[in-house]
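[1] Let's see this in three dimensions:
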Amino acid sequence: MDKNIIDSCARDSYAGTASFGEIVMRLAGAGVESYYADYRARTTTYYGPEGDSYTIPLTRSAAAVPPDFDTAGVQDAIRGAQRGDVKYPAFVSLSVAAGCVGYMVWIAGRHVTYYGRAGEMHVEKFPPQ
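    Residues are numbered from 1 along each chain as shown. Got it, this is the predicted structure:
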């Protein structure tokens, strides 16, 4: 995995200057197979196909994750990001407020799994290309 590209993608995400689709394409090109954004640990871990991983700090607000998972709230944040109305920093705040503790992006599988505190899940497929 190319750690320089991963770091660049993280900077661009946190700055709100690149879309999810752009980031995923760049990460795939850098050899990333999947990644997990852990809101509680405030880290993002990137995984390569050979079992390698790379963890960086996740910049996000200090707000606690509520106990209830609001699937509709998570979906609203996703739809806003897909429209370009919600950039990554706001997406993180909105999804945390909806009870999301983190999410796993499956680049090869073309979907994202969002998790709640009690193990709830919402799976969102990538939009068609």
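
[2] which intervals of this structure have sub-threshold pLDDT?
    Low-confidence segments of the chain (pLDDT under 70): 60-62, 129.

[3] show me where it has strands.
    Remark: strands assigned in the chain by DSSP state E are 34-38, 43-47, 53-57, 100-106, 111-116, 121-125.

[4] mind checking how far D38 is from A97?
    Computed as CB to CB, to the nearest Å, the D38 to A97 distance reads 17 Å. Where you see a C-beta, it was placed from the backbone N, CA and C, and this is true even at glycine.

[5] One more: R83?
    19 Å.

[6] And D7, by the same measure?
    27 Å.

[7] So if I had to pick from those two, which one is more boxed in?
    A97 (16 against 13; other CB atoms under 10 Å).

[8] quick one: contacts for the residue nearest to G73 when sequence neighbours are not counted?
    Closest residue to G73 apart from its sequence neighbours, by CB to CB, 6 or more residues apart in numbering: A98 at 3.0 Å. Shown in contact with A98 (CB atoms under 8 Å, 6 or more residues apart in numbering): P66, F69, D70, T71, A72, G73, V74, D76, A77.

[9] what sits against the fourth one?
    With contacts taken as CB under 8 Å, 6+ apart, T71 has the following neighbours: A98, E120, H122.

[10] go with 6 Å
    T71 sits next to H122 when contact means CB atoms under 6 Å, 6 or more residues apart in numbering.

[11] And for the first one?
    P66 is in contact with G99, counting by CB under 6 Å, 6+ apart.

[12] Do I have it right that G48 meets M1?
    Yes: using CB atoms under 6 Å, G48 makes contact with M1 at a distance of 4.3 Å.

[13] and the residue of the chain positioned farthest from its centre, what is it in contact with?
    Relative to the centre of the chain, the most outlying C-alpha is that of E50, 21.4 Å out, by CA atoms, centre = their mean. Applying CB under 6 Å, 6+ apart to E50 gives no contacts.

[14] Quick check on the contacts of A98: which are buried?
    Among the contacts of A98, those classed as buried by neighbour count (16 or more other CB atoms under 10 Å) are F69, D70, G73, V74, A77.
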